[in-house]
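Asks: Predicted model and sequence follow; I will ask about them next.
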Protein chains: 2
Amino acid sequence: MDSTPISTRDRILTTAERLFAEAGIGATSLRAITAAANVNLAAVNYHFGSKDALVEAVYRRHLEPLNAARLRNLETLETAAGGQALDVETIVRAFVEPLVEQARTGASGAVLTRLLAQSLHEAAGYVERFYARENDAVLQRYRDAMQRAIPALSPDEICWRLNFMLGTLHNAFLDAGLLKLLAGGENRAETSPEVTLTQLIPFLVAGLTAPGQREAI
Amino acid sequence: MDSTPISTRDRILTTAERLFAEAGIGATSLRAITAAANVNLAAVNYHFGSKDALVEAVYRRHLEPLNAARLRNLETLETAAGGQALDVETIVRAFVEPLVEQARTGASGAVLTRLLAQSLHEAAGYVERFYARENDAVLQRYRDAMQRAIPALSPDEICWRLNFMLGTLHNAFLDAGLLKLLAGGENRAETSPEVTLTQLIPFLVAGLTAPGQREAI
DNA sequence: TGTAGCATTAAACATTCGTTTTAAACGGCC
DNA sequence: GGCCGTTTAAAACGAATGTTTAATGCTACA
């Protein structure tokens, strides 16, 4: 159907990101990728050079627009607010929604959320190695915005809570298994990214705005 | 010094849990374990049967007392309360503190927290396979306690928030790298389990007690 | 003292991994 | 049409993995 048939390189990328998201990076062999993509084994090393470079390419393809969207959201909001501090929920949404958005519109379905969830763990080494700067810049922008939104908290506390938020966020989209375990076999509502987001936002906002150490409650 | 020298089996267990916590299960080979433990390679398969069985033994040794402590804490509190619903913070502390406690008193240092953090990811398959029942029972007890503590939330919302709590909790003890990233190179306070706990409790309690869907705020 | 049973050792096993090599097929351009 | 850079194909390489085997050491008990 495509006028330009999907290139070997793109087929590798798309297949790799799916398998990485499903089984993890270490557990996904180049042979599994190339077999699923109907591509020769050597094509990976030809097009990317190594497995590490393939991992980098996979993450770059997703992290780049994600970080861009997060930064753009924040800047748009801050410009509109004109110097005034943003709402905590607004900041959280600006950070989280690109994740859900890309998961919904992207051709790869909900792959990104699962892929990103692993970026805190197995892929932490990769992401940190060749993507620290961009991630760093975005996180610090959000950190500053959050500091202005909750001036009562110390800078240290802001960092802690953003750290907690990241953990909550990525885990929330990672595993549906825990939810079933918690429900104890009873029928469960759906666990789509949209529903998860609806449940997640109040939790995060409340956690972020909790009283700090120095405050007399 | 020890009257009874540490057995080969225990040396394998202790060394394996340390390496698993440091580098992950998949990235830790039996040869690395046996070399670090000054033990023959075949001893692992002799004493445990397989690497999977070793992983199971490592997790069992920690999950068993952890689950037991969590259950004991909750039952003690509920008995003392005499039918009255517990405080949310009390429930959270009953759940989290055994983690910190064992990390402080255990001979293996802070290994458990990092080990447990991986139980949601790489080790999820292992833990789920041979430890679903015990974990399940404990989680459902806490779910019920939390439902009584926050009756305004629907059962579904309780499950979601406990799920979020677990994600936050395990990630909080997993990586110190993100905190440095967030701080942006500035000097950071310590990230000991105790400090983490101090920062974590208010975040979790506030998130758990956030208004639900049905409530008019 | 001798022997049965458990524990340890060194060596090899079969797979699987990422990577490299060699050759063949394709496609545009002078 | 013939050359050349690009892409694919098949096979092999070396290293590392979990596992097994066969032999040896050791201890306890009769």
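Replies: Looks like it arrived, so ask away.
Asks: Now do the nearest residue to residue A:47 once chain neighbours are set aside against chain B, distance only.
Replies: With C-beta to C-beta, 6 or more residues apart in numbering or on different chains as the measure, residue A:9 is the residue that lies nearest to residue A:47, at 4.7 Å, once sequence neighbours are left out. (C-beta placed from N, C-alpha, C; glycine too.) Using C-beta to the nearest C-beta, to the nearest Å, we find residue A:9 at a distance of 27 Å from chain B.
Asks: Is DNA strand C within reach of the strand or helix carrying residue A:9?
Replies: Secondary structure from DSSP states H and E places residue A:9 in helix A:8-23. No: between helix A:8-23 and DNA strand C, judged by C-beta under 7 Å from any atom of the strand, nothing touches; the nearest distance is 10.2 Å.
Asks: What is that helix packed up against?
Replies: Secondary structure elements in contact with helix A:8-23, counted by 3 or more C-beta pairs under 8 Å, 6 or more residues apart in numbering or on different chains; DSSP states H and E, are helix A:30-36, helix A:42-47, helix A:51-81, helix A:111-118.
Asks: per-stretch mean pLDDT over these, give me the minimum one.
Replies: Summarising mean pLDDT across those, the least confident stretch is helix A:111-118, with a mean of 76.
Asks: Taking helix A:8-23 as reference, get the angle to that helix.
Replies: Interaxial angle, helix A:111-118 versus helix A:8-23 (axes from the mean of the first three to the mean of the last three C-alpha atoms, to 10 degrees): 60 degrees.
Asks: host element of residue A:159?
Replies: Remark: residue A:159 resides in helix A:155-174, with elements defined by DSSP H and E.
Asks: residue ranges with poor pLDDT in chain A?
Replies: Along chain A, segments meeting pLDDT under 70 span A:1-6, A:105-110, A:120, A:130, A:175-189, A:215-217.
Asks: Just the buried positions in stretch A:55-75, please.
Replies: Of the residues in stretch A:55-75, those with enough neighbours to count as buried (16 or more other C-beta atoms under 10 Å in any protein chain shown) are A:55-59, A:61-63, A:65-67, A:69-71, A:73-74.
Asks: Between the residues you listed, which sits nearest DNA strand C?
Replies: Comparing the buried residues of stretch A:55-75 against DNA strand C with C-beta to the nearest atom of the strand places residue A:55 closest, at 9.7 Å.
Asks: now the closest residue to residue A:165 other than its chain neighbours, what's its secondary structure?
Replies: Setting aside the residues directly before and after it, residue A:165 is nearest to residue A:204 in space (C-beta to C-beta, 6+ apart), at 5.5 Å. The local conformation at residue A:204, judged by DSSP: H, G, I helix; E, B strand; the rest coil, is helix.
Asks: State the number of residues packed around residue A:204.
Replies: A count of neighbours around residue A:204, defined by other C-beta atoms under 10 Å in any protein chain shown, yields 28.
Asks: Cross-check the contact I'm expecting between it and residue A:95.
Replies: No: using C-beta atoms under 8 Å as the test, residue A:204 is too far from residue A:95 to be in contact (9.3 Å).
Asks: State the three-state secondary structure for residue A:39.
Replies: When the structure is reduced to helix, strand and coil (three-state DSSP), residue A:39 reads as coil.
Asks: quick one: contacts for it?
Replies: Neighbour list for residue A:39: A:8, A:11-12, A:15, A:33 [criterion: C-beta atoms under 8 Å, 6 or more residues apart in numbering or on different chains].
Asks: ok, of the residues you listed, which one's closest to DNA strand C?
Replies: Distance ranking of the contacts of residue A:39 against DNA strand C, using C-beta to the nearest atom of the strand, places residue A:33 first at 8.0 Å.
Asks: and stretch A:22-37, is it in reach of DNA strand D?
Replies: No: for a cut-off given as C-beta under 7 Å from any atom of the strand, stretch A:22-37 has no contacts with DNA strand D; the smallest distance is 8.4 Å.
Asks: what comes up buried for that stretch?
Replies: Across stretch A:22-37, burial judged by 16+ other C-beta under 10 Å covers A:24-25, A:28, A:30, A:33-34, A:36-37.
Asks: Distance from the chain centre to that stretch, please.
Replies: In this view, stretch A:22-37 has its centroid 21 Å away from the chain centroid, taken as C-alpha atoms, centre = their mean, to the nearest Å.
Asks: hey, C-alpha coordinates of that stretch in CSV?
Replies: This file holds the C-alpha atoms of stretch A:22-37, laid out as CSV (Å, rounded to 0.1, in the frame of the first residue of the first chain):
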residue,chain,number,x,y,z
GLU,A,22,8.0,-6.2,25.4
ALA,A,23,10.9,-8.2,26.8
GLY,A,24,13.6,-5.7,27.7
ILE,A,25,16.8,-4.8,25.9
GLY,A,26,19.1,-7.4,27.3
ALA,A,27,16.6,-10.2,26.7
THR,A,28,16.1,-9.2,23.0
SER,A,29,18.7,-10.6,20.7
LEU,A,30,19.6,-9.2,17.3
ARG,A,31,18.5,-12.5,15.8
ALA,A,32,15.1,-12.1,17.3
ILE,A,33,14.8,-8.6,15.9
THR,A,34,16.0,-9.4,12.5
ALA,A,35,13.8,-12.6,12.3
ALA,A,36,10.7,-10.6,13.3
ALA,A,37,11.5,-7.9,10.9
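Asks: Show residues contacting that stretch.
Replies: Contact with stretch A:22-37 is made by A:11-12, A:14-16, A:18-20, A:39-41, A:43-45, A:51, A:54-55, A:114, A:118, A:122-123, A:126, B:24, B:26-27, B:122, as judged by C-beta under 8 Å, 6+ apart.
Asks: What subset of those residues is buried?
Replies: Buried by 16+ other C-beta under 10 Å: A:11-12, A:14-16, A:18-20, A:39, A:43-44, A:51, A:54-55, A:114, A:118, A:122-123, A:126, B:24, B:122, out of the contacts of stretch A:22-37.
Asks: Close to DNA strand C: what parts of chain A are there?
Replies: Chain A has residues A:28-32, A:41-42, A:44-45, A:50-52 near DNA strand C, with proximity defined as C-beta under 7 Å from any atom of the strand.
Asks: which of those residues lies closest to residue A:195?
Replies: Nearest to residue A:195 among the residues of chain A next to DNA strand C: residue A:28, at 28.4 Å, using C-beta to C-beta.
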